[in-house]
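K.L.:
curious how this folds, go ahead:
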Amino acid sequence: MMEVQGVDPESEVWINNSGWSYIVTAECTSMGQITCAHFDNVEDRLWTGNEMGRVVSYHSTMVRRHTAFVQPGPIRAIETFEGGVLSLTPNILRAQTRSGLSLFSYSSDKMRGMLTMHQPLESAGHVYVGGETQNLLHFDVETQRELRMAKIQQKDVCVIRTNGKSVLTADTEGNIGVRDLNSLDNVRVIPCHLGGPVIDFDVVGNQLITCGASSRAGTLHGDPYVKVYDLRNFRAQPPIPLSFSPCFARFLPSYSVGKVILVSQMCQVQLHDLNDHSGIPFLIDPAGAPLTAFAIAPSRQVIAFGDAAGNTHLYVDRDDAVLNENEALIEIADHIVLPHQSFFGIDDTSHCLSSIPLPFSYDDAYLSDWPEENCEYAYRKPRPLPEYSAIRMQQHVQHASNPRTGTPLARFNVCPYDLEKSEIKEDTASRDSDGVQTEEEGEITVAVPRYYRPCLWKQPIKGGDETASLSRFNRTSRVPIEYNNGANFANPLIQVLYSIPSLRNIFLHHLCHSDECLTCQLGFIFRMISDREAVQPASSNNLMRSLRASSFCALSSTISAAEKVQQLLHYIFEDATKHLSAPDFSHLSSLSSFSLTTNTRCIRCSSVNSESTEIPVLKINYPAGEPLFCTLLEKSLNGRRSKQDECRECATTTRIEETLRVRSLSPLLIFDTNPTAANYGLFWKTMLTKWERRPKYANPPQEAEKSERVCRWGEDCRNRSSCKYVHGSAADWEEECKRWMEEGQGTWSHYVPNRFYARISGGIAALQEHEPDSNDTTESHAYDLVAVVCVVSDDASHQSWKYVVAECLEEWSAEGTHHNDAGAKQTWLIINGIAICRVSTDEALHLDHRWKMPLVFIYAKRKSLVMTATESRVSIPFEVFERDSSLTGNDDLVRERRLASLPKKEEIVGIDAEFISMSKDGTKKCVGRVSVVDSTGELIIMDDYIAGVDGDIVHDYLTQYSGIMEHDLCRVRSKKHLTTLKAAYIKLLHLVETGVVFVGHALFNDFSMLNIHVPPDQIRDTVQLFRLPQQRLISLQFLAFHLLDLKIQESSHDSVEDARVSLQLFRKWQQLQQAGTLDTTIRWLYEQGKVTNWRLSAGSPALTLEPFPRDSLPTTPTKSGTPSKDDSLASDQ
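P.N.:
The predicted structure follows:
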């Protein structure tokens, strides 16, 4: 006898460690033993039949009685189909609806002594019926006719099973016949039990298990073993030895292949694994009655045992078990509505007793009175008298003014009792940790931490120094992305994708010429985030432009921010599938995808189809109940659902069942919380209220009243006491955040784990929060949470889910660090627009249904290279200039430019850009023209007019300032070199990578609008070269007139001319610097500007002045300072 688990050898007591536990018993209401049990294939109910012919159905795992009806004879078998239920008696096959109405009855001369019935999963609506005769009936339920009646060589048929290829029948002589599924012809007869019947058997694929009895010494005895056969060669495998004689032997298909459950009539059960020959026994307690029926639910989560006393016992393997995961809606009878009666709780002290009509009692005794011996007289204590300031004593009596004066109760002597609930409400604030409350407790103000609320910040205009204002909100090395053009939902998702190095490299290695390619735009943004300093925010303007030009349809203001994030996440991977090369897409699939197999089965024709799919993002489905987070992910991975669709085999719209099986899990798992699901809000509210706890805020600070804008004078401000702007550095922001993070009394508790362990067995993914036992042979992998995207409401009392924040792990350890480990101090970054704050792991994991809800979870496999990859990117080739073609079809303008040599590293080029207005107020602008000339100013390297995308509406071409006419940007009428913004962008990006030096006027504005990063050592900005500290900027026109004796921009602007003049000004600056007269020249320019009011229009004093005389230069140079913050700036005109 093999050694089995779960048995105490000393006490010989069976210990149930099988994972199955008792839940409920459906007690009988009529005499008769249970002869069969069957779980409904369509609805969430259990059917039982007894020897008295009574068929009963129970709803859900609480076995609520639903329907019951009686048949003429003992019930031999029960099967269900889409339209009702089939019950088999010895001579009649009867079909009825699930509510008990009769559909049809079938009988024939050959249907005598029927014993068994079986409906194959692959042929729903078809049943095989057999009994004491040598006839095997194949019956079509839908047409209500007999398809064939096969004559068999066996003595009888007591059990029928199918495996999709064959029909197997067992007889009372110990044989199992294998028959062809279509013709029912005999293929093979397997002798299993000598001289005795086959009591039960089951088949899955090519594995067959049987239990029965054998004749020994002329007497039948149950065999204390289960025989195992391989149907590929019809050979017997080593049997399963047992300590009892089983009467039921079934496979458990929800686990890995080879798991079986064996049941004896004497209530002994054993779970056995055919692969490692291990068994786990446990006992059933039916109060002494032997077991007579057994069934396994379609969900594989519930098993039912019927006994000889007529009771049915249910056992489950989890707390939230269901009978059928794909159940259809059950029709429930309406409840009887009784006349309204006024009932109230015995502890209800506010109900009016006079609302209950009672007869007059002469002896003051009522039926509701408690007996005297069970009562004790007590009086409610009134509240203590408050302390009054104006109180006087007169004859040992204190007198005070009526506190209810002016109220309806002013003349009533009402004494408020000091009830326990009132004490609870008054003490709620002192006991609550973060405002978590129950319905019994009073309303409490819920605090939203400062680092989750939006930070008001405006980019300094025209050359203002943004370093001080940005460093106040960000002391980390991460570069923020500024909010503009409705990109507040996209920026957090971009930050999350950037925080994963392996995923970032895929986008950085991609480059194509499609103007709508979102993958390219993500790569460009990732370049900016990697190359810029933390005080220089990146911009997603070009990405939003690509979204408007593409098929992305979630930019409407009527769509919530949560739904926009969800649709953008899926659209990013759809776009990557479309534009990535085959090797890059294969790399992306191996890095982030769920390898699944979708099995579909038609309920009507039972056709089964399998399809392999790769899903980059998994949507979370929300089942009924309150599952743990790992169980929630399991149900989404191992999903089963039914839908109405057209079957490809029978070409009929019917119910299709879908089952997901997991082949493998990638190193990166991305979960979409599916905020558009109907029960999304209710589910998270329920689970977060139940699980989420945090310590009480030690010192929640009040919101600052003054503006967040940094004072231009900084620490040198003379009016700090009355100044309305903020002074100092980022210490103010950090100190405020630290005050929010100070913890008081209480502990942390989270619903979403920081780590889970995943393993796959037989296509089923099992997830658990705790580390598996070392004795577990199944390989499991640990996944750590690395990023979260949340939607936040800045006011918990008036929820407005408009803001999206990102939470990323700042540093990754290859070994992983769990938040519950000793000494674990992981640091997370909360990225909220331009504000980035470091928080603890507990703070990042904390969720609150009132102001912070999850949208995206990203888990990375521990000990994988997904988070440790070194950043690498593709270089922009010089062929981008050669491939450049005009959208008008006229390439004559660029034919000569393609033959010219491009500038080399550290060579100087002149650059200028012109813009057009996309809004009526002029606040939203777009690039209309970009021009680059070589160091001599003669050769034009590029002069691109930028065409708009679908959906762009130009409100003003600003011709007076840009020189751009409407027809210049028209693809039909333009005579210019018209191209896309992306084509011009990658040409500029090539020049940046080459290392050329850009010379221009107000380049901070040009590069900002182009959304490109140029290292500071590659920029020579003439507006900064000719500037005094804390003074206005000087226009290009003014500088050209006074320093170069040139009149430009008289009628309109020309970017090529401006680029050439900028080069000349730079040469002039070099000459003045070498001569040592630069500072005096700049001061003279500011003096002339004040005299002429900075204007060069006709009739102005400036036109009467001669250009700057070389011999009148001051000879004593002065020391120039550094440009300050937020200076008042001049326009570029």
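
K.L.:
surely residue 794 is in contact with residue 448?
P.N.:
Yes: counting by CB atoms under 8 Å, residue 794 touches residue 448, with 6.1 Å between them. C-beta: built from backbone N, CA, C; applies to glycine.

K.L.:
now the common contact residues for the two.
P.N.:
Shared contacts of residue 794 and residue 448, defined by CB atoms under 8 Å, 6 or more residues apart in numbering, are found at residue 851.

K.L.:
out of those two, which sits in the more crowded spot?
P.N.:
Shown here are residue 794 and residue 448; by other CB atoms under 10 Å, residue 448 has more neighbours (20 against 15).

K.L.:
which residues sit in contact with the more buried one?
P.N.:
792, 793, 794, 795, 796, 851.

K.L.:
between these, which sits nearest residue 221?
P.N.:
Nearest to residue 221, judged by CB to CB, of the contacts of residue 448 is residue 851 at 70.0 Å.

K.L.:
wait, residue 214 sits on residue 197?
P.N.:
No: the criterion here is CB under 8 Å, and residue 214 misses it with residue 197 at 9.6 Å.

K.L.:
those two - which one has more neighbours?
P.N.:
residue 197 (21 against 16).

K.L.:
so that one versus residue 324, what's the distance?
P.N.:
Separation of residue 197 from residue 324 (CB to CB, to the nearest Å) stands at 32 Å.

K.L.:
now swap in residue 1072 and tell me
P.N.:
Taken as CB to CB, the span from residue 1072 to residue 324 is 87 Å.

K.L.:
how close does residue 1036 sit to residue 1044?
P.N.:
Residue 1036 is 10 Å from residue 1044, by CB to CB.

K.L.:
for residue 747, same thing?
P.N.:
Counting by CB to CB - residue 747 and residue 1044 are separated by 72 Å.

K.L.:
again with residue 189
P.N.:
For residue 189 relative to residue 1044 (CB to CB), the value is 108 Å.

K.L.:
okay, now the unreliable bits of the stretch 451-600 of the chain?
P.N.:
Scanning the stretch 451-600 of the chain for pLDDT under 70 picks out 456-469, 485.

K.L.:
what about 80?
P.N.:
Counting by pLDDT under 80, the ranges of the stretch 451-600 of the chain that qualify are 454-472, 483-487, 551, 553-557.

K.L.:
now do the helices in it.
P.N.:
467-471, 490-498, 501-508, 518-531, 541-549, 561-579, 582-591 (DSSP state H, counting those that start in this stretch).

K.L.:
pick the most buried one from those helices.
P.N.:
Of all the helices of the stretch 451-600 of the chain, helix 490-498 carries the top mean neighbour count, a mean of 25, counting by mean count of other CB atoms under 10 Å.

K.L.:
between that one and helix 561-579, how big is the angle?
P.N.:
Put simply, helix 490-498 runs at 50 degrees to helix 561-579, going by axes from the mean of the first three to the mean of the last three CA atoms, to 10 degrees.

K.L.:
for helix 490-498, packing partners?
P.N.:
Packing partners of helix 490-498 (3 or more CB pairs under 8 Å, 6 or more residues apart in numbering; DSSP states H and E): helix 501-508, helix 518-531, helix 541-549, helix 561-579, strand 781-793, strand 801-809, strand 852-861.

K.L.:
again, only using 7 Å
P.N.:
helix 501-508, helix 518-531, helix 561-579, strand 781-793, strand 801-809 (3 or more CB pairs under 7 Å, 6 or more residues apart in numbering; DSSP states H and E).

K.L.:
closest to residue 856 out of those?
P.N.:
Here strand 781-793 is closest among the helices and strands packed on helix 490-498 (CB to CB), at 3.9 Å.

K.L.:
in that closest one, what's buried?
P.N.:
For strand 781-793, a neighbour-count test (16 or more other CB atoms under 10 Å) marks 782, 783, 784, 785, 786, 787, 788, 789, 790, 791, 792, 793 as buried.
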